[in-house]
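A.B. asks: Following is a predicted model, sequence given first.
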Amino acid sequence: MTGVPITANSVLPATREALTLRTADGLNLVGELATPIDGAPVATIICVHPLPTHGGMMDSHVLRKMSWRLPALAGVGVLRFNTRGTSSAAGTSEGNFDQAQSEGLDLRAAIDEAQRHGLGNIWLVGWSFGTDVVLKHGNVDPVQGAILLSPPLRFTTVEELQAWEGGTRSVTAFVPEFDDFLPPDQARADFAVAPSIEVVAVPEAKHLWVGERFVSDLLDRIVHVIRPDSPPLPEYWDGPMEKWSDL
């Protein structure tokens, strides 16, 4: 192997653009788009973060590491944003938390922004609270599919789950073995109303995916869903690399 190991605070090259997303109800949201430096992305991920009332934001560690690595390692663009009323180092989005209801307008604004940038093959990745936003509001064009990380099914109704059944969009749920809210056996039971949704138990992982071995494995799983023929993500990088200092 050549290069240096990719670690928790490795930031690989990408074109990074600060965004202001405008919602249909007139709010400005803080966001960022990271794309490959050497051409158009082969796919684009729109991230929806965990519960903002409990610290979730666009910089929640799995989503930030996606933006740090996937443009360089997989040619995948990553669009992150703060839902209404959510703060991060990049700033605070206008509005107030609305229990995954009006956040649907936030997700739509992010999808529209990706289209304005000419980005295609758009996938949604929700984490925890973000999975409810995706399930409730993400079954729309031009979305190709959805990936759920630690879905609690707190705000999603049975009818909203069933609405994904029989459509063209794939849904894959990665459920940690030791999830605090919805462990794999219960997740399989709850998702059974929509049999086409694939529930994948991830051994030893927990709801917050803490630990580099869990993050690197998870990113590999995400890319494989989007690009099934892609090789495993590299563990080493032979090129420019920055190290983030607040981890």
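C.D. replies: Good, I have the coordinates.

A.B. asks: Show me where the protein has its helices.
C.D. replies: Ranges of helices within the chain are 61-74, 103-116, 129-137, 158-162, 184-191, 212-226, based on DSSP state H.

A.B. asks: Now mean pLDDT and mean neighbour count too, for those, in JSON lines please.
C.D. replies: Quick note: C-beta positions are derived from backbone N, CA and C, even for glycine. Listed next are these as JSON lines, based on pLDDT from 0 to 100; neighbours: other C-beta atoms under 10 Å:
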{"stretch": "helix 61-74", "mean pLDDT": "98", "mean neighbour count": "23"}
{"stretch": "helix 103-116", "mean pLDDT": "98", "mean neighbour count": "21"}
{"stretch": "helix 129-137", "mean pLDDT": "98", "mean neighbour count": "26"}
{"stretch": "helix 158-162", "mean pLDDT": "98", "mean neighbour count": "13"}
{"stretch": "helix 184-191", "mean pLDDT": "98", "mean neighbour count": "17"}
{"stretch": "helix 212-226", "mean pLDDT": "98", "mean neighbour count": "18"}
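
A.B. asks: Reformat those as CSV; add distance to Leu233.
C.D. replies: Formatted as CSV, the helices of the chain follow (distance: least, C-beta to C-beta, whole Å):
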stretch, distance to Leu233
helix 61-74, 5
helix 103-116, 22
helix 129-137, 22
helix 158-162, 30
helix 184-191, 24
helix 212-226, 5
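
A.B. asks: Was I right to think Arg169 contacts Asp141?
C.D. replies: No: in this structure Arg169 lies outside contact range of Asp141 using C-beta atoms under 8 Å: 9.5 Å.

A.B. asks: The two: which is more packed in?
C.D. replies: Arg169 (16 against 10; other C-beta atoms under 10 Å).

A.B. asks: How about the more buried one, nearest residue that isn't a chain neighbour?
C.D. replies: In space, and not counting its chain neighbours, Arg169 is closest to Gly145: 4.9 Å by C-beta to C-beta, 6 or more residues apart in numbering.

A.B. asks: thinking again about what came up before, of the helices of the chain, which is nearest Ser245?
C.D. replies: helix 61-74 (13.1 Å; C-beta to C-beta).

A.B. asks: contacting residues around stretch 24-32?
C.D. replies: Residues from elsewhere that reach stretch 24-32, judged by C-beta atoms under 8 Å, 6 or more residues apart in numbering: 16-23, 58, 67, 79-84, 88, 90-95, 102, 105-106, 108-110, 113.

A.B. asks: quick one: low-confidence parts of this protein?
C.D. replies: 1, 247 (pLDDT under 70).

A.B. asks: In it, mark out all the strands, start to finish.
C.D. replies: Ranges of strands in the chain, per DSSP state E, are 4-5, 10-11, 15-22, 28-35, 43-48, 76-81, 87-88, 91-92, 122-127, 145-149, 170-178, 198-206, 236-237, 242-243.
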